[in-house]
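**Q** Below are the sequence and a predicted model; questions follow.
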Protein chains: 2
Amino acid sequence: MEDKHMLMIPGPTPVPEKVLKALGTHPIGHRSGDFSKIIAEINDNLKWLHQTKNEVLSLNVSGTGAMEAGMINFLSPGDRVLVGVNGKFGDRWAQICEVFGIQTERITSDWGTPLDPEEFKTALEADTNKEIKAVVITHSETSAGVLNDLETINKYVKAHGEALIIVDAVTSLGAYNVPVDDWGLDVVASGSQKGYMIPPGLGFISVSDKAWKAYETSKFPRFYMDLGKYKKANAKNSTPFTPPINLMFGLQTALQMMQREGLENIFTRHQRLTNATRAAATAMGLSLFAPDDAASTAVTAIRTDDAEAIRTTMRQKYDIALAGGQDHLKGKIFRVGHLGFISDRDVIMTIGCLEATLTELGHDFEPKSGTKAAAAALV
Amino acid sequence: MEDKHMLMIPGPTPVPEKVLKALGTHPIGHRSGDFSKIIAEINDNLKWLHQTKNEVLSLNVSGTGAMEAGMINFLSPGDRVLVGVNGKFGDRWAQICEVFGIQTERITSDWGTPLDPEEFKTALEADTNKEIKAVVITHSETSAGVLNDLETINKYVKAHGEALIIVDAVTSLGAYNVPVDDWGLDVVASGSQKGYMIPPGLGFISVSDKAWKAYETSKFPRFYMDLGKYKKANAKNSTPFTPPINLMFGLQTALQMMQREGLENIFTRHQRLTNATRAAATAMGLSLFAPDDAASTAVTAIRTDDAEAIRTTMRQKYDIALAGGQDHLKGKIFRVGHLGFISDRDVIMTIGCLEATLTELGHDFEPKSGTKAAAAALV
């Protein structure tokens, strides 16, 4: 049905009406006093969301752009880094390092299996010459619905003392507790079309003092992605280049909504939606791709050979978009997003339609077991 | 008066209601068939706007990002380039080249004076070893309201045979005739918040076959800005990274509006608005910063010692935003934008308010001479 589209994918995520209205507002000059005030408010609220006193910089780039900026501003050609790879995005960060001539050591696990923190411990403890300059971790690996144990890995990075921790928090920030200062995270990258509840187009990077020290000696040429320029402009509530003004109107509104909901409530909601989705999938006889203790709170990956048939029926009959598998998982899994502006109702609705779809496709399970399990988990 | 703000600056430019509504639409998945159709339509219409068969790539970056991508994808460290510098933006492109270790020769003229094509001819003819890999030209230098003679400079580049012509068309595309194929322009960069009539956040780059050949041997590391990835994705009506979906909704609508108006009409309108603004300024005894035969059709710079007082009164009393001077021209000039979604009525209104402002500030000129001259030029 036209215009009845519902996004249950891990990005873009649904956008609240208030934010859509803000997006559709006449732009004002980005060098005006009025816009400076908006930047000041956004910067304060970004720090609140990141639970940090660090500078949080806003760039006119996608999440990949934010991660690239988060690496090339603090490293130099030939530097040695460890990159955790257990999905498409971890693999992408390793590729970027390689393209930029960084010595890249991949610490891998299968897609669907969390990274083993002990492997990082071993590699970091073996590095007695302190050659490892950074450890790059995808917190929530969107391609597999896996939440990596950033907290533990980061403890080993801190014990190493020299290496920076560079975090892809694209689908964890705003969906899971990422206490930047408490954990001492150096570089944390995220993107607007995820927990932020606004359309894509803005990337965010929080930068610690330790990372800024590394910036001083970093040797990659850069201009548009030179974070020093953003820091300098931020201090004057400005931007080095023309910012995406209307997206920032949307961001301002979305951050206000998030503040009204409160951080703890946001995290609890995402955990509840995750629990409900997983309980329902299991009750309907489906196989969860990630283990319970490493489940992303942004997206649940479900393994089934008729993944594409399920997605097609859900889209065509119920106007619900689910994500498919990527690369070698194409057709093997489907992924239910429950990230950002998603309520209990949205999950119940999705599970209800999934029950009908599975029944139509000949899956054998107890009728209504999915919605029953979801509802029980949502209490 | 609240919400009565009127942008008469060279970017961001006013956005039509239809485009604002498109911006405020619920996003859809960027990997969906429906979004592919939008990309296909946009790509066709971008080619129409650029008057080219070349690929026109859309990046989630500002105009500066587009220009950086337009240089680092086709050059290598140590390459020799000529950069025309007669304003803030030409200077910025030279800075980017220097940051990336490109041998940068600046061909300069004073801000407000067009670049001298003969200087390019001399430098290019002297380069018998064909070491010059590119000539970088800011077509409309926004900081000074000067239109450089791209057509003539480009002829000398073509006579050289080896060098690419890389063009900043940020405030000329959609405001002045830039026939990419007729002139054989290799790389043409532009930005959404200008002639395109949408808010900032998208950069565009058209790339010739000759430039793609140079891409093959270009040696700068890049990932997010790797135009080869965009070309490959474009061929499948896709994007390599998450695109700014809502801005692309706006772009789709704006390009449809531009097609209905027609290219010739768009150029004629911008010329008419420019003539009217300049005639009015002269009639009111103000001094034009750029000569008639090198007047930008996007923005008119006006020299007067009370530039800031004029801007303040225009903003506070009439809710009209004018641009100030940049760098050493701060306080020395003000700039009236007449770019994008600007009609005859907007210019008459601006001139009327400028008359009142000048009178209030004690300028001595014949009453109503500004609006009279503007109206005469608009016939």
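**A** In hand now; what should we look at? Numbers count the residues shown, from 1 in each chain, chains lettered A, B, ... in the order given.

**Q** so what's the residue of chain A found nearest chain B closest to, chain neighbours aside?
**A** Closest contact between chain A and chain B, by CB to the nearest CB, is at A:G24 (2.7 Å). The C-beta positions use only the backbone N, C-alpha and C, and glycine is treated the same way. What sits nearest to A:G24 in space, not counting adjacent residues and going by CB to CB, 6 or more residues apart in numbering or on different chains, is B:G24, at 2.7 Å.

**Q** For the one you found, which residues are in contact?
**A** A:20-21, A:23-24, B:246 (CB atoms under 8 Å, 6 or more residues apart in numbering or on different chains).

**Q** Buried ones among these?
**A** A:20, A:23-24, B:246 (16 or more other CB atoms under 10 Å in any protein chain shown).

**Q** A:A281: which element?
**A** Per DSSP states H and E: A:A281 is located in helix A:263-283.

**Q** cool, A:A356 as well?
**A** Per DSSP H and E: helix A:344-360 holds A:A356.

**Q** quick one: that helix to helix A:263-283, angle?
**A** 10 degrees (axes from the mean of the first three to the mean of the last three CA atoms, to 10 degrees).

**Q** List the buried residues in the helix or strand following helix A:344-360.
**A** Per DSSP H and E, the first helix or strand lying C-terminal to helix A:344-360 is helix A:369-378. Residues of helix A:369-378 classed as buried: A:369-375, A:377-378 (neighbour count, 16+ other CB under 10 Å).

**Q** Could you list every helix and strand in contact with helix A:369-378?
**A** Counting contacts by 3 or more CB pairs under 8 Å, 6 or more residues apart in numbering or on different chains; DSSP states H and E, helix A:369-378 packs against helix A:263-283, helix A:344-360.

**Q** Enumerate the residues of the stretch 51-200 of chain A near chain B.
**A** A:60-65, A:68, A:95-96, A:99-101, A:191, A:193, A:199-200 (CB under 8 Å from any CB of the partner chain).

**Q** quick one: which of these sit in strands?
**A** A:G191 (DSSP state E).

**Q** farthest-separated two in the residues of the stretch 51-200 of chain A next to chain B?
**A** Farthest-apart pair in those is A:G101 and A:P199; separation 34.0 Å (CB to CB).

**Q** more crowded one of the two?
**A** A:P199 (34 against 14; other CB atoms under 10 Å in any protein chain shown).

**Q** Give me the nearest residue to the more buried one, chain neighbours excluded.
**A** Nearest in space to A:P199, with sequence neighbours left out and distances taken as CB to CB, 6+ apart, is B:N246 at 4.1 Å.

**Q** That neighbour against B:T25, yeah?
**A** Yes. Here B:N246 lies in contact with B:T25, judged by CB atoms under 8 Å, at a distance of 6.8 Å.

**Q** Now do the helices for the stretch 101-250 of chain A: every range, in order, please.
**A** Secondary structure of the stretch 101-250 of chain A by DSSP state H, counting those that start in this stretch: the helices cover A:117-126, A:150-160, A:180-183, A:209-217, A:227-234, A:245-261.

**Q** who wins for proximity to A:P12 among the ones you listed?
**A** Closest to A:P12 of the helices of the stretch 101-250 of chain A, according to CB to CB: helix A:245-261, at 12.1 Å.

**Q** Quick one: mean pLDDT for the closest one?
**A** Throughout helix A:245-261, pLDDT has a mean value of 98.

**Q** between that helix and helix B:245-261, how big is the angle?
**A** Relative orientation of helix A:245-261 versus helix B:245-261 (the same axes, to 10 degrees): 150 degrees.

**Q** As a check, name the ranges of all strands in the stretch 1-150 of chain A.
**A** All strands of the stretch 1-150 of chain A, identified by DSSP state E, counting those that start in this stretch, fall at A:6-7, A:55-59, A:80-85, A:103-108, A:132-138, A:140-141, A:146-147.

**Q** Residues contacting the fourth one, please?
**A** What that stands for is strand A:103-108. So strand A:103-108 is contacted by A:78-86, A:94, A:97-98, A:115-116, A:119-120, A:123 (CB under 8 Å, 6+ apart).

**Q** Buried subset of those as a PyMOL selection?
**A** Command for PyMOL that selects the buried part of the contacts of strand A:103-108, burial taken from 16+ other CB under 10 Å:
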select buried, chain A and resi 79+80+81+82+83+84+85+86+94+97+115+116+119+120+123
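
**Q** got the domain boundaries for chain A?
**A** Using automatic domain parsing, the domain ranges for chain A come out as A:6-12+A:263-378, A:17-260.

**Q** Just name the most buried of those domains.
**A** Ranked by mean neighbour count, those are led by domain A:17-260 with a mean of 22 (mean count of other CB atoms under 10 Å in any protein chain shown).

**Q** picking up where we left off before, so what's the gap between the helix holding A:A281 and the chain middle?
**A** Its chain's C-alpha centre lies 16 Å from the corresponding centre of helix A:263-283 when counted by CA atoms, centre = their mean, to the nearest Å.

**Q** Packing partners of that helix?
**A** strand A:287-288, strand A:299-303, helix A:344-360, helix A:369-378.

**Q** Determine how far the last residue of stretch A:196-210 lies from the first.
**A** End-to-end span of stretch A:196-210 (CA to CA, to the nearest Å): 26 Å.

**Q** correction: stretch A:53-68
**A** So stretch A:53-68: terminal residues 23 Å apart, CA to CA.

**Q** Just the mean pLDDT for it, thanks.
**A** Rounded mean pLDDT across stretch A:53-68 is 98.

**Q** Same check on stretch A:234-242?
**A** 97.

**Q** before we move on, what about stretch A:282-294?
**A** Mean pLDDT, computed over stretch A:282-294, is 98.

**Q** Just checking the distance from that stretch to the centre of its chain.
**A** That offset, for stretch A:282-294, works out to 21 Å (CA atoms, centre = their mean).

**Q** For that stretch, C-alpha coordinates in PDB please.
**A** Output of stretch A:282-294 as PDB, limited to C-alpha atoms (Å, rounded to 0.1, in the frame of the first residue of the first chain):
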ATOM      1  CA  THR A 282      12.900 -18.700  19.100                       C
ATOM      2  CA  ALA A 283       9.300 -19.400  19.900                       C
ATOM      3  CA  MET A 284       8.500 -19.600  16.200                       C
ATOM      4  CA  GLY A 285      11.200 -22.200  15.700                       C
ATOM      5  CA  LEU A 286      13.700 -19.800  14.000                       C
ATOM      6  CA  SER A 287      17.400 -19.900  14.700                       C
ATOM      7  CA  LEU A 288      19.100 -16.800  16.100                       C
ATOM      8  CA  PHE A 289      22.400 -16.000  14.400                       C
ATOM      9  CA  ALA A 290      24.100 -14.300  17.400                       C
ATOM     10  CA  PRO A 291      24.300 -15.800  20.900                       C
ATOM     11  CA  ASP A 292      22.200 -14.300  23.700                       C
ATOM     12  CA  ASP A 293      25.200 -12.900  25.500                       C
ATOM     13  CA  ALA A 294      26.400 -11.100  22.400                       C
END
